[in-house]
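>>> okay, here's the prediction I keep looking at, along with the sequence it came from:
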Amino acid sequence: MEVKKLYRFRLYPSRTIENNMLKTLETCKRTYNEMLDICQATYEMTGKGQTKFDMNRCIRYGVDADISMIHSQVLQNVNDRLAKAYSNFFRRVKEKRLGRNIKVGYPRHKKYCKSFTYPQSGFSIKGKKLMLSKIGMVNIKIGKTQNRINGVVKTLTIKRESSRKWFAIFSCVDNIPEPQMVNDKKIGIDVGLEHFANLSDGQMIDNPRFLIQSERKLKMLQRILSRKKRRSMNRKKAKLKLALMHERISNQRNDFLHKLSHHIVREYGVIAIENLNIRSMVRHPYLAKHISDASWGTFVNMLCYKAESAGTKLVKVNPRGTSQMCSQCGHKVPKTLAQRWHFCPMCGLSINRDLNSAINIITEGTSGNYACGDGSSALAMLEHSPSRKQEATQLVGW
């Protein structure tokens, strides 16, 4: 089975090498903006766009940026990014004409560039060094036994984060044997805010709330940044401290999600989870921050690719009615968002609301009649629940 993998390693460039990398980012930005101007001028004069071959020739003859110290394929990748921007623009125009309520978004000039890519060649690993064409040798940290690069490397992307840290991201293709299902244990997962996840076997995973725990310090750093004089060195230092704090929160969240998803995939052979429309749910006026902090979408994506590699079956269930229906007799018991306990007047079942929902999810996911719905019922439940501010306060446990 052929799989695509990404490997991300930290880079430790010297001051000279870092300056060369920063110059490469600046050149990529200027090239992108100049190529966008050329494409616009060509269309205004001829009524036709440019092909990738024409754009690559323009880089060599028509771009004013200093390209002598940049690898040729890095600049060609800039054209690929611009071509994808135009392709997405025309796709959105077509969807807009078909009635979809979206912003079209014509390609715009870039204020800065965060990464550059070597599509095929121009790089190699030599021991603890990464050789980058036209840049030099960069120190790279790769584990001895874990996180080794497996497969054929296709592309290399050099990225600079807001915290001024550099990373090398390798895109690889690897052939692995077809995974076999480890066991036939089944589990249903209901994600929430009071608890991050409620499993159908009764387990409850606490919600760590990393953003809420660090919110006080974030506010302090943001106030310090707002008081600094613009374009001053102290403002740059304050901005770096804020970026490092945001990166720390992101690392904490990703570490928690990786460990939890790995445990679930290794423990169970069949996993059923709600297919929530999270983009619509974050419009809620009181729960948006908490939903974003939970990162349900990232958790589901991790489960998807880890389940594929481990031979585990993952089922996405339509969330409509999973919290309203009794898991024992199937009777519909309407509840508001603030009601956290399920009591069925027909059969007398009295359990936690989220546990009842998790049991319904695994029942529906293993029945063969599941569907990947759009999650509209979850949004409707949020929008039509009475006294939303009071219920939100009870739900997040302030």
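Nice, I can see it.

>>> only C-alpha atoms from now on, for both contacts and neighbour counts.
OK.

>>> can you pull out the low-pLDDT segments for the stretch 101-250 of the chain?
Confidence mapping of the stretch 101-250 of the chain against pLDDT under 70 gives the ranges 144-147.

>>> does the spatially most central residue of the chain belong to a helix, a strand or coil?
Residue closest to the average C-alpha location in the chain (C-alpha atoms, centre = their mean): Thr298, at 5.8 Å. In three-state terms, and counting by DSSP: H, G, I helix; E, B strand; the rest coil, Thr298 is helix.

>>> what of His342?
Three-state call for His342 (three-state DSSP): strand.

>>> confidence score at it?
As predicted, His342 sits at a pLDDT of 87.

>>> residue contacts, the closest residue to it other than its chain neighbours?
Distance criterion C-alpha to C-alpha, 6 or more residues apart in numbering; nearest residue to His342, sequence neighbours excluded, is Arg353 at 4.8 Å. Residues near Arg353 by C-alpha atoms under 8 Å, 6 or more residues apart in numbering: 323, 339-342.

>>> tell me the pLDDT of the residue nearest to the centre of the chain.
94.

>>> could you measure from the residue nearest to His342 over to Trp341?
Separation of Arg353 from Trp341 (C-alpha to C-alpha, to the nearest Å): 5 Å.

>>> just to revisit the earlier point, now the contacts of Arg353 in JSON lines, please, with extra columns for distance to Arg100 and neighbour count.
Converted to JSON lines, these look like this (distance: C-alpha to C-alpha, whole Å; neighbours: other C-alpha atoms under 10 Å):
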{"residue": "Ser323", "distance to Arg100": "30", "neighbour count": "27"}
{"residue": "Gln339", "distance to Arg100": "35", "neighbour count": "13"}
{"residue": "Arg340", "distance to Arg100": "36", "neighbour count": "15"}
{"residue": "Trp341", "distance to Arg100": "38", "neighbour count": "14"}
{"residue": "His342", "distance to Arg100": "38", "neighbour count": "24"}
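
>>> out of those residues, who's nearest Asn234?
Arg340 (48.5 Å; C-alpha to C-alpha).

>>> would you mind confirming that Lys129 makes contact with Gly136?
No: using C-alpha atoms under 8 Å, Lys129 is not in contact with Gly136; the gap is 9.6 Å.

>>> quick check: which element contains Ile264?
Following DSSP states H and E, one finds Ile264 within helix 233-267.

>>> list the buried residues in that helix.
By 16 or more other C-alpha atoms under 10 Å, the buried positions in helix 233-267 come out as 235, 238-246, 249, 253-254, 257, 260-261, 264-267.
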